[in-house]
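Enquirer: take a look and give me a structure for this.
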Amino acid sequence: MSGDGALIVAPPFPSEYRASGLLMHITSLPSPYGIGDLGSSAFSWIDRLYDAGQRWWQALPLGPTGYGNSPYQPMSSFAGNALLISPGSLISVGLIQASDAQSHFSVDVVDYDSVIPFKQRLLETAWVNFKAGQHSARDLAPAYDEFCTSQAHWLEDYALFRSLKAKYHGAYYLEWPAELVQRIPSALTEARRELASQMDQVRFAQFLLFRQADQLKEHARARGVSLIGDLPFFVSPDSSDVWANPELFLLDEQHRPRFVAGVPPDYFSATGQLWGNPVYNWDAVRATGYRWCIDRLRALLAHVDVIRLDHFRGFAAAWYIPAGAPTAQTGQWVAGPGASFFQAVQKELGHLPCIAEDLGLITDDVRALRDQFRLPGMRVLQFAFDGHADNPYLPHNFVHDTVAYTGTHDNATTREWYEELPDYQRQNFWSYLKRAPGTSADAAPELMRLAWSSPAALAVAPLQDLLNLGGEARMNVPGRTDGNWRWRVREDMLSSQAFQWLRDLTESSNRSVGPAVSVIAHVDSEPAGAQI
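Expert: Numbering: from 1, shown residues only. Coordinates of the predicted model:
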């Protein structure tokens, strides 16, 4: 229960439920250390949401990023991104000194080339001090040992994977020696012996990260703010997931993908999209009772309250492309696990605290699967104004059990969207609002009003739209390989005026500024323990 009497709510939403929130990744938070983290600015962000009457914070995937720094290509479905560890919190418990963390970074963007080695140095220093048995370290030792034991089912493989990756200078794991790719037991034993110290450092970083994440979730709970996490449907080809569980994927004898994921040709691309992720061997996954998949969900639910299921349509069918194909055109639809997956999850977890990302090419079988399990879908207002009255993204076509967005992390900011909109869609936009045409500065507040006033149970806007920012604040451009995931908000941009406007909008839209209604028995994470 939160401090003001609110209880955590999860989908499916009660019939009278109305709430709202903001979308912003943790890396975008203000911080003197080059990248947003789980420290004081994250706690202040939750306080700011609470003060503005918001009940929800949605972030992007939290896993360790690899290629292109994309959170949608994590190196593990279970580990967290060590870049999110707060140096300030490490200073506060004496694992590092303030002088260790002195730095000068841009406050507007994440410079990963500078931030990654900086954070690595701090974590190495924290590990050395912990191992030396300083007073604060002695207090943490029992909790660290317990963490390593309780998380061993994924942590051991991940620690070895990261240590081997460092040894081989970041090479794709398929380029390692064959005995390591094939996981020959004697080769793994020798690697663990050789890399024992490096593996310890990986484990310790995950320990620090999980404890900070536990504390942040506890603070959000106390403020009545629910956390929405994001789970990619596929996993990265270069991940401990594939390396440690090859039997769950369609791989050849050399462990190379036989098929890769993507989407077929459509209105947006004549050749489709070739993502390159390995695809699941659903027969093998199903034979285990979906154990790995359920563990994956449970791991994320330790840190968040609700999961956005990315590429939800993949549970009905996904586009499998032969490995080596130059485009996605030669793929074919292959059935996913369907209802049996969600039945297994529901039996195991007792509920389905999920939102279905049902964007893109959605067919009747996808809608039926979503509705069978009462999973709220997503409705993005930027897709609404093509002039067709039956457009599913127009608010008059919403059902209640829906999450309405102005845009997502893949969209342009609403201000930029409006500036790039064809004239006829601009006219459709203003006509739908029943008002005289305005300027690009009016687009974001109007789209937020539309989302907040809609029948959707939950309305969400990216922080960039609340702050009415343009193209300079875009988080991701799909299909672009570099320059994404870098945007940060400065502290001086988080004006009280914008958040007061948000609170007023939330109150006038009757979006649950007061106590919420509990509809689930929530699964608590372990007690947070000492602040780090």
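
Enquirer: for G407, which non-adjacent residue is spatially closest?
Expert: Once flanking residues are discounted, G407 sits nearest to Q382: 4.8 Å by CB to CB, 6 or more residues apart in numbering. Placement of C-beta: from N, CA and C, glycine included.

Enquirer: can you confirm L450 is in a strand?
Expert: No - assessed with DSSP: H, G, I helix; E, B strand; the rest coil, L450 is helix; it does not lie in a strand.

Enquirer: CA atoms only: put stretch 445-461 into PDB for me.
Expert: What follows is stretch 445-461, C-alpha atoms only, in PDB (Å, rounded to 0.1, in the frame of the first residue of the first chain):
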ATOM      1  CA  PRO A 445      -0.900  19.700 -25.900                       C
ATOM      2  CA  GLU A 446      -3.900  19.000 -28.100                       C
ATOM      3  CA  LEU A 447      -3.000  15.400 -28.700                       C
ATOM      4  CA  MET A 448      -2.400  14.900 -24.900                       C
ATOM      5  CA  ARG A 449      -5.900  16.400 -24.200                       C
ATOM      6  CA  LEU A 450      -7.300  14.000 -26.700                       C
ATOM      7  CA  ALA A 451      -5.600  11.000 -25.100                       C
ATOM      8  CA  TRP A 452      -6.500  12.100 -21.600                       C
ATOM      9  CA  SER A 453     -10.200  12.700 -22.500                       C
ATOM     10  CA  SER A 454     -10.500   9.400 -24.500                       C
ATOM     11  CA  PRO A 455     -12.400   6.300 -23.200                       C
ATOM     12  CA  ALA A 456      -9.000   4.500 -22.700                       C
ATOM     13  CA  ALA A 457      -8.400   3.300 -19.100                       C
ATOM     14  CA  LEU A 458      -4.800   4.500 -19.300                       C
ATOM     15  CA  ALA A 459      -3.400   7.500 -21.200                       C
ATOM     16  CA  VAL A 460       0.400   7.900 -21.600                       C
ATOM     17  CA  ALA A 461       2.500  10.500 -23.300                       C
END
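
Enquirer: list of residues touching that stretch?
Expert: 13, 17-23, 56, 58, 376, 379, 381-382, 395, 398-407, 414, 429, 432-433, 435, 438, 444, 465-466, 468, 501, 505-506, 509, 511 (CB atoms under 8 Å, 6 or more residues apart in numbering).

Enquirer: out of the residues you listed, which sit inside helices?
Expert: The helices, defined by DSSP state H, take in T414, F429, Y432, L433, A444, D465, L466, W501, L505, T506 from the contacts of stretch 445-461.

Enquirer: I'd assumed G53 was in contact with the last one.
Expert: It refers to T506. Yes - counting by CB atoms under 8 Å, T506 touches G53, with 4.3 Å between them.

Enquirer: P455 - how many residues pack around it?
Expert: Neighbour count of P455, defined by other CB atoms under 10 Å: 14.

Enquirer: distance of it from E247?
Expert: 45 Å (CB to CB, to the nearest Å).

Enquirer: cool, Y50 as well?
Expert: Separation of Y50 from E247 (CB to CB): 45 Å.

Enquirer: list the contacts of T327.
Expert: Contact partners of T327, counting by CB under 8 Å, 6+ apart, are T271, G272, L274.

Enquirer: nearest spatial neighbour of the residue most central in space within the chain, chain-adjacent residues omitted?
Expert: By CA atoms, centre = their mean, the chain has its centre lying nearest to P61, at 2.1 Å. The shortest distance from P61 to any non-neighbouring residue, by CB to CB, 6+ apart, is to P71 (4.1 Å).

Enquirer: so is the one you found in a helix, a strand, or just coil?
Expert: Secondary structure, three-state DSSP: P71 is coil.

Enquirer: that one contacts S28, correct?
Expert: No - assessed by CB under 8 Å, P71 is found out of contact with S28, at 11.5 Å.
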